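Enquirer: Quick one: sequence plus predicted model below, questions after.
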Amino acid sequence: MKAIILEAPKRIRLSFLPTPKRRKNEVLIEPKTVGICGTDVSVYSGNLPVKYPIVLGHEYCAEIVDIDDNIYGLKQNDLVVGEGSWGCGACFFCLHGQFQYCEKQRQLGRTVNGVMSEFATVPGATLHNLPKGISLEEAQSIVTIATGLRAVHRGNVAVGNRLLILGSGHAGLILTQLCRIAGASLVVVTGTRRERLKIARKLGADETVTIDRKSWEDKVKKIFGDEGVDIVIDAAGRRDSLNQAIDFVKRGGTIIEFGTYTSKPDRFEAPQIYKKEITIIGSKGGAFEYEKAIDLVHQKRVKISPLISHRISLKETAEIFKQINEGTRDILRAVIEI
């Protein structure tokens with residue numbers, strides 16, 4: 001089978017591997033669409049640890065090829081979406097239903113082979129049936145929607161909240177929609193690319209701010225006034241974005257740290273945490289949110305198609321990774337059609 005293999009940082013190739021054989025409680029799947037997300041690019045660039053060589057990819061939609069009878073409510077030929085990680089099943093956290101904290105967590109495309117391939121094996125317990133009415137290209141983003149829902153729920157985003165979202169990438173634009181669904185009265189999105197900010201407006205943002213303009217921070221503060229921001233979601237994960245969130249959030253406000261940091265912040269305004277009595281919440285993964293994410297797409301409440309900027313084949317994948325990493329093209333969301 002064909003597969004995208006990362007052999008070392010920035011060394012990626014389309015190769016041929018034997019079709020994997022499933023083990024007990026595993027399912028053999030045929031991936032149909034796989035999204036390239038920021039985590040994949042961080043793995044590619046060497047900024048996140050990974051077990052080399054490895055098949056990349058963890059956000060996907062697939063068809064079941066081979067499965068044991070009557071397990072997990074799934075059967076052969078079902079279309080499914082899968083979770084990107086799972087626990088060992090035996091540690092303290094797994095035994096207490098908190099597999100997202102497992103220290104031996106299995107992660108597609110990082111600790112075990114991912115799904116940028118013609119076939120793959122995954123635990124049956126990580127799969128969710130895809131209802132009719134959701135397209136294959138929409139389905140590959142359900143992992144991001146689930147992680148966004150977890151962030152919104154952990155941060156207690158509620159009716160009437162005034163929110164600032166730092167970052168207008170694929171995740172930031174999904175979070176824009178989720179915060180609007182949750183009842184936020186004001187949603188402001190910042191970013192560096194004007195075309196993405198135009199999409200944010202169409203998807204529910206009340207205001208957008210381009211951060212390459214001078215005094216963009218002043219513009220944000222003017223929008224929210226003296227009160228400040230109830231909740232800031234850092235969907236950028238830049239070295240300076242956490243301190244920006246600390247600056248913008250109101251006294252007694254909340255920061256949701258959603259972006260994946262690959263390096264330490266330039267500085268950390270610890271005194272402001274005390275002075276403003278800020279709550280900072282980390283949010284990792286989409287545990288227990290997948291069925292809700294599927295429902296939101298099925299009900300057409302979260303729109304994915306406007307976020308897909310490139311549709312590519314496995315053959316084009318290595319070059320797209322290079323372009324995303326080097327920033328030579330504006331690639332909002334590339335979807336591999338296998």
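Expert: Right, received. Where do you want to start? These figures come from a predicted structure and were not determined experimentally.
Enquirer: next structured bit after the helix or strand bottoming out on mean pLDDT in the chain?
Expert: Least confident helix or strand, the chain: helix 270-276 with a mean of 89, by mean pLDDT, DSSP states H and E. Sequence-wise, the next helix or strand downstream of helix 270-276 (DSSP states H and E) is strand 279-282.
Enquirer: Contacts made by that following strand with the rest, please.
Expert: 154-155, 253-257, 273 (Cβ atoms under 8 Å, 6 or more residues apart in numbering). C-betas here are computed from N, CA, C, even on glycine.
Enquirer: for that strand, which positions count as buried?
Expert: Within strand 279-282, no residue counts as buried by 16 or more other Cβ atoms under 10 Å.
Enquirer: Now residue 186: closest residue in space that isn't a chain neighbour?
Expert: Of all residues not flanking residue 186 in the chain, residue 162 sits nearest, at 4.2 Å (Cβ to Cβ, 6 or more residues apart in numbering).
Enquirer: And for that neighbour, the neighbour number?
Expert: 20 (other Cβ atoms under 10 Å).
Enquirer: Assess the claim that it and residue 229 are in contact.
Expert: Yes - between residue 162 and residue 229 there is a contact under Cβ atoms under 8 Å: 6.0 Å.
Enquirer: give me phi/psi at the residue nearest to residue 186?
Expert: phi -110, psi 120 (degrees, to the nearest 10).
Enquirer: what does the model give the residue most central in space within the chain for pLDDT?
Expert: Nearest to the geometric centre of the chain sits residue 144, at 3.6 Å (Cα atoms, centre = their mean). In this prediction, residue 144 carries a pLDDT score of 98.
Enquirer: just checking, it touches residue 59?
Expert: Yes - in this structure residue 144 lies within contact range of residue 59 using Cβ under 8 Å: 6.5 Å.
Enquirer: Which neighbours do the two have in common?
Expert: Joint contacts of residue 144 and residue 59 (Cβ under 8 Å, 6+ apart) are 35, 37.
Enquirer: Tell me the secondary structure of residue 19, please.
Expert: coil (DSSP: H, G, I helix; E, B strand; the rest coil).
Enquirer: Test my guess that it contacts residue 1.
Expert: Yes - in this structure, residue 19 is within contact of residue 1 by Cβ under 8 Å, at 5.0 Å.
Enquirer: where do the contact lists of these two overlap?
Expert: By Cβ under 8 Å, 6+ apart, the residues touching both residue 19 and residue 1 are 118-119.
Enquirer: Quick one: mean pLDDT for stretch 154-161?
Expert: 97.
Enquirer: Quote the end-to-end distance of it.
Expert: 14 Å (Cα to Cα, to the nearest Å).
Enquirer: before we move on, what about stretch 120-138?
Expert: 20 Å.
Enquirer: Just the C-alphas of stretch 235-249, formatted as CSV.
Expert: Coordinates of each C-alpha in stretch 235-249 appear next as CSV, following Å, rounded to 0.1, in the frame of the first residue of the first chain:
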residue,chain,number,x,y,z
ALA,A,235,-5.8,29.2,19.2
ALA,A,236,-2.4,30.5,17.8
GLY,A,237,0.1,29.0,20.2
ARG,A,238,2.7,31.6,19.3
ARG,A,239,5.5,32.6,21.6
ASP,A,240,3.8,35.9,22.4
SER,A,241,0.1,34.9,22.3
LEU,A,242,-0.3,33.8,25.9
ASN,A,243,1.0,37.1,27.2
GLN,A,244,-1.3,38.9,24.7
ALA,A,245,-4.2,36.9,26.2
ILE,A,246,-3.2,37.9,29.7
ASP,A,247,-3.1,41.6,28.6
PHE,A,248,-6.6,41.5,27.0
VAL,A,249,-8.6,39.4,29.5
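Enquirer: Ramachandran coordinates for residue 315?
Expert: Here the main-chain torsion angles of residue 315 (degrees, to the nearest 10) amount to phi -60, psi -30.
Enquirer: How many residues are close by it?
Expert: 11.
Enquirer: With residue 223 instead?
Expert: Residue 223 has 15 nearby residues by other Cβ under 10 Å.
Enquirer: residues in contact with it?
Expert: Contacts of residue 223 (Cβ under 8 Å, 6+ apart): 186, 188, 207, 209.
Enquirer: for this structure, which spans come out with low pLDDT?
Expert: 262-263, 265-266 (pLDDT under 70).
Enquirer: let's see 90
Expert: For the chain, the stretches flagged by pLDDT under 90 are 69-73, 212-214, 226-227, 237-240, 259-273.
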